[in-house]
Structures are given as structure tokens and as C-alpha cells.
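**Q** how would this look folded up:
(chains A and B)
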Amino acid sequence: MFGYYLDLALRSLKRNKMLTALMVLSLALGIGASITTFTVFHLLSGDPLPQKSARLFYPQLDPYPKDDPFSRSGQLPWLLSYVDAMNLMHAGKAKRQALVALSQLKLTPKTGGKRPFYADGVLTTADFFPMFDTPFQYGSGWSANDDDNRAQVAVIAGFLNDKLFGGTDSVGRMIHISGHDYRIVGVLRHWLPQPLFYTLHLGGRSYGKADAVFVPLQSARADGVDPDMMMSYGEGASMRHLETSPSIWLGMWVELPQASDVATYRQFLANYASQQVSLGRFERSRTALSGLMQWLRDQHVVPDDVKLQVGLAFGFLLICVVNTVGLLLAKCLRRSREIGVRRALGASRGTIFAQFMTEAAIVGLAGGVLGLGFAELGLLGVRHQPAQYASLAHLDLPMFGLTFAVALVASLVAGVLPAWRACVVPPAPQLKAA
Amino acid sequence: MEIRPIVASLRRHRIPALLIVLEIALACAVLCNAVFMIGQRVADIHWPNGIDEAGVSVVTVNGTDPKLAASDIPRDLAALRGIAGVQAAAAVTSMPLDQNPAVTCFTLKPNGKCTVNTSVYFLGVDGMKALGLHLLEGRDFTPGEYADGDIHGFQPTAHVVLITRSDARRLWPDQDALGKTLYSGSLSWTVVGVVADVLAQDPAFSGPGGRYSSAFFPVRPNAMIGDYVVRSAPRDRERVLRRAKQVVAGLEPAAVVDGSTFVKMRADYFANANSMVWMLVLVCVVMLAVTVFGIVGLTSFWVGQRRRQIGIRRAVGATRAHILRYFQTENLLLSSAGVILGMALAFGINLYLMRHDEVGRMPWYYLPTGAIALWLLGQLAVLGPALRAAAVPPVVATRSV
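**A** Here you go, the predicted model:
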């Protein structure tokens, strides 16, 4: 029976090529636009560390004066001061914990004649690597002792290793960072979490290419490396005295494996804050501990423009669906006579309905195939945009499936009304008119 | 034109009529909001900026030896001034739109409450000339003020400041800003001049209040300086920039030297807004095309269905113009219903977006403009089918189809 419907549907679609083409094209455009924008949105709002994100948390404190708060809307300061960060680190209440700051680091190639260049650097502490499960090509991260001893050691990204050492095992070799020699202890394999969750509010980018050099925070500070982002909440802030001045410039991540650990850590933060209030260092005892995904959501890491584009594209899809409903309806009302004949010859309402839905589904599938083409074209366009995330815009398998699901659902929704109108056509008047 | 028969006929074709109304309403709602967003972004892209944008190029120098700044900077500047076509060169700490915000809060009283992020610019000797700042009132810094100027924990040690006209008006609404005192914490500076509005280093970071809030301080050669501003005639700027980068790279072998014309810096800053505008324009055009084709398709079907009816009307005396007018009026009625619904929808969408902090309030005139656009498009779309309807010969009435 389905084969017969298919045959009828194809005949009917062929009979009116212009109208069919218009329906398929309009549906395809709507689908192409929605899938393009939704793919981008899906990529940008993804989980950077799917196996780990549920156990990673971002603590916040509020050292700002009550009268001159960090934000008028009541947001907690995004970053920690050095004193607080170190206090939390030394308390060691989490399974793993790491501090992060970003800095543009000047690298001077050893081979003569090459000019120095800047690389995206991360100033961090030992747990960064095990906590974020960074894959190593050679060597490993550094130890907590290296942090305490301000050891001049570095982990570099694979692409930098390729550039400087031709991809060979460079562990033990030296790299000249901001005027000082650092010994390479590890080379990362390709590691590119998207969004680059640990860079938020530190002056880096949220999406796109990976960081190149990782060095111990305190070693880099001892060598005069300044972080890219610093905000001060009192007088006397200066880059030279960041460790003691009233300024926030560090992000902190903690790994808390169990729900009970999270509750305990929350309590610890609250206790710490009220202790600082009683010491007179803080005026407010507000604290927060956000899970990784929560933190990304709260900080609006997905650009507003991307959300607007998704909304716009789905609005457009809706228009395309309404358009297809209209055209399908026009087509099927024009065939009232044919329906009348079929009904008179014994076709039930259900049969007519099924036949018209088959026709709609064919339009939907054709729209889906063409829409996929439009989506690929759209994503090609996105890749040529200047945005940070441009290079990420590719159609993945779930999106591929979604395209057809959307196409089918859209066309079936569009088909219901015309098919219903068709199946309630009374046979007698149509036959009489003929 | 009598509209009663049209309404009567539409009531017999409720569903197709409703579909056209719905499609026009949705198109109107999306169009109004999209055009509003385009308008906002285009306005952003064209924010005026009180420097010589066409003539300014910037050479950035990073990773120099801080101890040598005092001697190296004057040497580099002298070399830059020697390049043919260079009208002025100066060392500065930041540039408008360089996406590297250095902001402070300035207040009218010591230790006052901070309300606006003001972008802080330190200018070396000749800074005003090299940037092409328009001095509206007061004076430029004196050589002595430049020599005294230093940077201490991000704060200027000089005691004089140039402010923008926006700040002058904001801080002292009905008074002359010259000679007034500006505070930050316990430090203070005297306003010696007012310049035309200069954009912030990162207007998105500074917020709408800080867009034109900029303060300029004199500074002597200092390790915090990383930009050399070179001004030339607009037609020379590419050549001058290339040469300037070579000259500085030659003098500073250990530094990382880069550079850009200000025109390119501006284009980079607004690149995202620009591509969003094109994307929105594309979606609007395609959406309107789909809507038009939808109306054409439905109306054609309609005309086809009513050939006999039209033939009868022609046979009993209706002219071609009457038939044409009939379909045009019908479309006008449907469009009107569509745009009324669409304007309400557009307003609702705008309210929703405002609540989610993504856009501002849409000025009222976008609504009627969108409505008129869709009216015109509706008329355009209906013209073809209506003409075909008008061409139906009266003889159709006498034939059984």
C-alpha cells in the first residue's frame, strides 16, 4: 500500500513542478538556516570535558568593599585575589585544586636569526594537568614541589613542540620564556576543550585555538610575568605587587568527586569568608561554588548574537513551514475531484490521509537533503567569519540526524492540515460537478 | 471598491486566508526585529571617533627591556619621524578599539563612588598631534608636564588631564570643565583641555556609559608604553606602516614588533558586528522572498479555482480593472490583518529579548515601517496572479470546465 502512495505522491509532485520546487526550496531554506545556526549554538554550548565536568567546581569570594561593589547587579567577583587563592590552596580541602591566570609569553627561539614571538601562556599550578585530564605526548606535568620551589619548568602544547623542535621528544630541553630559561617537562597531545572554560574572565578567548605554554604560576611571577587580566578593589594596586595589593586576577578550579564533598567545600568557603569578615579583610561573607557547566551558563559564554541567530533562524523555519502548509493545501484542494473519485471508488478517509501525508513526507525528505546542502553552505560561510569559534563550525553526526528529523517533522506538521482537508472532501459534489 | 463581497468570499476560504495572514504576521515580526538589530549594529559600526582615523597607524612593540625605555623610545621615535611621509609620531600606552581595556573610575570628589569606566590613555610628547585629537577648549600638555608624567601602579603621576566633551558634559553639566579637578581615590588632576569624543579601548567592556569616556594624561618615555602612533596622509599610510615596522624591528631586535593601520583596527573590532549584519540582511531577504513566493503560490491557486466565477463577473459587466482591483483589495485586507498581528508579535518579541538583556527597546517607528514594507510586498506578490485573473475572458462563464 505504501508503494502505491509513494507512486501517487510522486506523480502528483511531478504534475506541478513549479509548486513542488517552491515547497521543497522553502522548506530547505528554513531547515538550512536553522541547522546552521543550531549547529553553531550546539558547539558553543557544549561540554568541554564530558567525563569530568560534573566533578569540577569554581569557587568565588567577595573581597570588595560594600560601598563600591564589584558589580551593581550583585554578581560575585569573577576572580580571586592572590592571598585568598593561596589560603584556599593551602587549606587543601579538595581532592585536586589549581589556580589559573593567562599571560602572553614572549618566546625567543634558540636557533639564530629567528625573531622572538608571543605565545598564549597559562600560569597555573601542578594539579591543572591531572584535574583536567590533559593528554601528554611526552613527559608529564610538574609537581606541587615545583610550584613551591618556583622551579623553572614548562609544559608546551604539541603544536608549539612541532614548531620549535620539529615534533621530537623535547622533554629536558630548554625554552626561553620572557627572558628566562625554562626546562620542558611535558608536551601535550592535541588538547582543545571547547569552550576554553578555564580562560573565562582572565583576558583570553573563550573558543578557538589552544594555549601554547603552561608554566608554574609562582615561578612565572618571580620572573616578572604579568597576568593579562587584573582588577583592583582598593588603592595601591600595581602589577609589581600583585601578590599583596587589593586586586583580583586568579581563577581557581577544584575537583570534588562526591556530592558530600561539594557540601563540605561549600561549608568550608562560607566559614572562610566569615572568618575573613571577622578579621576585617572582607566586608561581606558572600561565596559561591559553581559547577563547570553552571559557571559557563551563568557567565554567558555563548555569545548573545549566536542565540539571536538561532531564534531568528527558527522564526524563519516557522515561516517556511506555514508557507509549505499553504502550498500543500493549494495543491490538494486543486485535486478535490481526484479525491472525490477515489473516495467514491472505496478509498477510506484514512487512506486519503495517509496518501497526502506520504506526499508531505517526500517533500520533507527532499527539503531535508537540500537543507543539508544549505546547512553545509551556511557552515562554510560561518567558517569564513571573523568569530573566534569560526573554525569549529562543522556538521556532526547528531546534527546530521537532527536535520532529517527537523525536515520530516516540519513537513509532516505542514502536511497534517492539507491532508485533513483532503480527507474530509465529500465525494458526491465533486463527482456531480464532473 | 466594495469590500463586503471580498470578506464574504474570504470567509468561505478561511484556512488559506488565515495562512496568508499568519505568514505575513510572522514575516512582519521577524523583519521588524531583524531590521532593528541591523540598525543597531550599523550604528555601532559607525560610531564617530575624534582622532584622525584615516591617517593614523600603530606600531606595537612588546617584550622590550624596561630599563632601556627612557633612552630607546626617543631614539625609535626620532627614527619614525625620519620616514618620508610621516607627519607626526608619538608613544602612547593604548589606542581606541585596541581591545585591551585599561579603565579607571574618575569622580568629582576624593574617594567618590564609581559609576563609569573611563578609558585611560597616556600620551607621550606630540601625542595629540600624532593621534589627531581635536582640541575644543583649553590647551595641549606643556613639555614640562610631559617630562613630569609617569605611571605609578596604573595611576598617572602628572597633575593635568585632557577629557572628552562627553565627560565634560556628564561631570559638569552646566559649567566650564576647564580648571576643574578630577579625582580617583585620593589622587587628583586638573582639567586643562577638552577634546572631541574619542572611543574607549573596548566599548563593549566599558559599557554604553563608558563608550566616550576617555581621559588623556601626559607621560615621559616609560616601560608601560607599547604603541607608537605614526600619522601620515591617508594615501601614504600603508607604505609608512610597512616602513615603520621595519625601522622599529631593526632598532629593537629583541622585541616582538607588529602593527596595523587604524582603519584595519576599526574593521577588526567591528568584524563580528559586520558579519552579523550581513547574516541578518541575508535572512531577511530570503525570508521575504519565501513569503512573496508563498503569497504568489496561494493566490495563483485561488485565481485558478475562481476562473469560472471571474468569467461570470466579466460576463455581467465587470471590467478587467475591476477584477484586478478585487484581488489587490483582497490582498490588502489580508496584509492589513497580517501586519496588525505582526506588529503586536514584533513588539512581544522585542519585549522578550529585552528581558533577556540582549537588545534594547525597539523605537516605535520600526513597526509601521515593517508594516508598510509587507503591504508593498503583498501588493507586489499579488500583481502577477491578479493580472492573470484580469485576463480571464468572459467566455469562461459559458463553458463547463
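
**Q** Go through the lengthiest helix in chain A and flag the buried ones.
**A** Counting residues, the longest helix found in chain A (DSSP state H) is helix A:349-383. Buried residues in helix A:349-383, counted by 16 or more other Cβ atoms under 10 Å in any protein chain shown: A:351-368, A:370-372, A:374-376, A:378-379, A:381-382. Yep, even glycine has a C-beta here, placed from its N, CA and C like the rest.

**Q** same deal with stretch B:287-298?
**A** Across stretch B:287-298, burial judged by 16+ other Cβ under 10 Å covers B:Met287, B:Leu288, B:Val290, B:Thr291, B:Val292, B:Phe293, B:Gly294, B:Ile295, B:Val296, B:Gly297, B:Leu298.

**Q** In helices, which of these appear?
**A** The helices, defined by DSSP H, take in B:Met287, B:Leu288, B:Val290, B:Thr291, B:Val292, B:Phe293, B:Gly294, B:Ile295, B:Val296, B:Gly297, B:Leu298 from the buried residues of stretch B:287-298.

**Q** can you give me the strands for chain B?
**A** Under the criterion DSSP state E, chain B contains strands at B:56-62, B:86-92, B:103-104, B:118-123, B:135-138, B:151-152, B:155-156, B:160-164, B:181-184, B:187-195, B:214-218, B:227-232, B:256-261.

**Q** where does the stretch 1-150 of chain A have low pLDDT?
**A** Low-confidence segments of the stretch 1-150 of chain A (pLDDT under 70): A:1, A:111-113.

**Q** For it, which residues are neighbours of chain B?
**A** By Cβ under 8 Å from any Cβ of the partner chain, the residues of the stretch 1-150 of chain A that approach chain B are A:19, A:22, A:26, A:29-30, A:33, A:67-68, A:104, A:106, A:108, A:115-118.

**Q** Closest one to chain B out of those, please.
**A** Relative to chain B, the closest of the residues of the stretch 1-150 of chain A next to chain B is A:Lys106; by Cβ to the nearest Cβ it sits at 4.0 Å.

**Q** Check the gap between the closest one and A:Met252 for me.
**A** Per Cβ to Cβ, to the nearest Å, A:Lys106 is found 26 Å from A:Met252.

**Q** tell me the contacts of the residue of the stretch 301-401 of chain B found nearest chain A?
**A** Closest approach between the stretch 301-401 of chain B and chain A, counting by Cβ to the nearest Cβ: B:Phe301, at 3.4 Å. With contact set as Cβ atoms under 8 Å, 6 or more residues apart in numbering or on different chains, B:Phe301 has these partners: A:Ala330, A:Lys331, A:Leu333, A:Arg334, B:Pro16.

**Q** What of B:Ala315?
**A** When contacts are counted by Cβ under 8 Å, 6+ apart, B:Ala315 touches B:Pro394, B:Val395, B:Ala397, B:Thr398.

**Q** Just put the residues you listed in a markdown table and tack on distance to A:Lys432, neighbour count and pLDDT.
**A** Below are these laid out as a markdown table (distance: Cβ to Cβ, whole Å; neighbours: other Cβ atoms under 10 Å in any protein chain shown; pLDDT from 0 to 100):
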| residue | distance to A:Lys432 | neighbour count | pLDDT |
| --- | --- | --- | --- |
| B:Pro394 | 25 | 15 | 84 |
| B:Val395 | 23 | 10 | 83 |
| B:Ala397 | 19 | 17 | 73 |
| B:Thr398 | 19 | 10 | 72 |
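
**Q** so which of these are also by chain A?
**A** Among those, no residue lies close to chain A (Cβ under 8 Å from any Cβ).

**Q** ok, which stretches of the stretch 1-150 of chain A are strands?
**A** Along the stretch 1-150 of chain A, counting by DSSP state E, counting those that start in this stretch, strands occupy A:56-61, A:80-81, A:96-107, A:117-124, A:136-139.

**Q** Turn those into CSV, columns for mean neighbour count.
**A** Output for those, formatted as CSV (neighbours: other Cβ atoms under 10 Å in any protein chain shown):
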stretch, mean neighbour count
strand A:56-61, 24
strand A:80-81, 24
strand A:96-107, 23
strand A:117-124, 22
strand A:136-139, 18
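
**Q** what about the ones you listed, which gets the closest to B:Ala29?
**A** Smallest distance to B:Ala29 across these (Cβ to Cβ): 38.9 Å, for strand A:56-61.

**Q** what does that closest one contact?
**A** By Cβ under 8 Å, 6+ apart, the surrounding residues in contact with strand A:56-61 are A:49, A:76-78, A:80, A:84, A:88, A:94, A:131-132, A:251-256, A:262, A:265, A:269, A:272-273, A:276, A:282, A:286-292, A:295.

**Q** Pop the domain breakdown of the chain in here.
**A** As the question left the chain open, I've gone with chain A. Using automatic domain parsing, the domain parsing of chain A gives A:2-45+A:303-433, A:53-132+A:196-298.

**Q** That was the other one, I meant chain B.
**A** Here the domain assignment for chain B is B:4-46+B:272-398, B:64-254, based on automatic domain parsing.

**Q** what's the distance between stretch A:76-94 and the middle of its chain?
**A** Stretch A:76-94 has its C-alpha centroid displaced from the chain centroid by 27 Å (Cα atoms, centre = their mean, to the nearest Å).

**Q** Counting by contacts, list what the longest helix of chain A packs against.
**A** Under the contact definition 3 or more Cβ pairs under 8 Å, 6 or more residues apart in numbering or on different chains; DSSP states H and E, helix A:349-383 sits against helix A:2-15, helix A:17-44, helix A:304-334, helix A:336-344, helix A:397-423.

**Q** Could you check the angle it makes with helix A:336-344?
**A** Angle of helix A:349-383 versus helix A:336-344, following axes from the mean of the first three to the mean of the last three Cα atoms, to 10 degrees, is 130 degrees.

**Q** Now helix A:349-383: average pLDDT?
**A** What helix A:349-383 shows for mean pLDDT is 89.

**Q** got a list of what the residue lying closest to B:Ala70 once chain neighbours are set aside touches?
**A** In space, B:Ala70 comes closest to B:Pro221 once its chain neighbours are excluded; the distance is 5.0 Å by Cβ to Cβ, 6 or more residues apart in numbering or on different chains. Neighbouring residues of B:Pro221 by Cβ under 8 Å, 6+ apart: B:Ala69, B:Ala70, B:Ser71, B:Asp72, B:Ile73, B:Pro74, B:Ala91, B:Gly124.

**Q** For the second one, give me its contacts.
**A** The reference is to B:Ala70. With contact taken as Cβ under 8 Å, 6+ apart, B:Ala70 is in contact with B:Arg220, B:Pro221, B:Asn222.

**Q** what's the answer for the last one, then?
**A** By Cβ under 8 Å, 6+ apart, the contact set of B:Gly124 is B:Ile73, B:Leu77, B:Ala90, B:Ala91, B:Val92, B:Tyr146, B:Pro218, B:Val219, B:Arg220, B:Pro221, B:Ile225.

**Q** Now do the phi/psi pair for it.
**A** With angles defined as degrees, to the nearest 10, B:Gly124 sits at phi -80, psi 180.

**Q** Distance of it relative to B:Arg220?
**A** Distance of B:Gly124 to B:Arg220, given as Cβ to Cβ: 7 Å.

**Q** ok, now how distant is the nearest residue to B:Ala89 once chain neighbours are set aside from chain A?
**A** What sits nearest to B:Ala89 in space, not counting adjacent residues and going by Cβ to Cβ, 6+ apart, is B:Leu80, at 4.1 Å. Taking Cβ to the nearest Cβ, to the nearest Å as the measure, B:Leu80 falls 19 Å from chain A.
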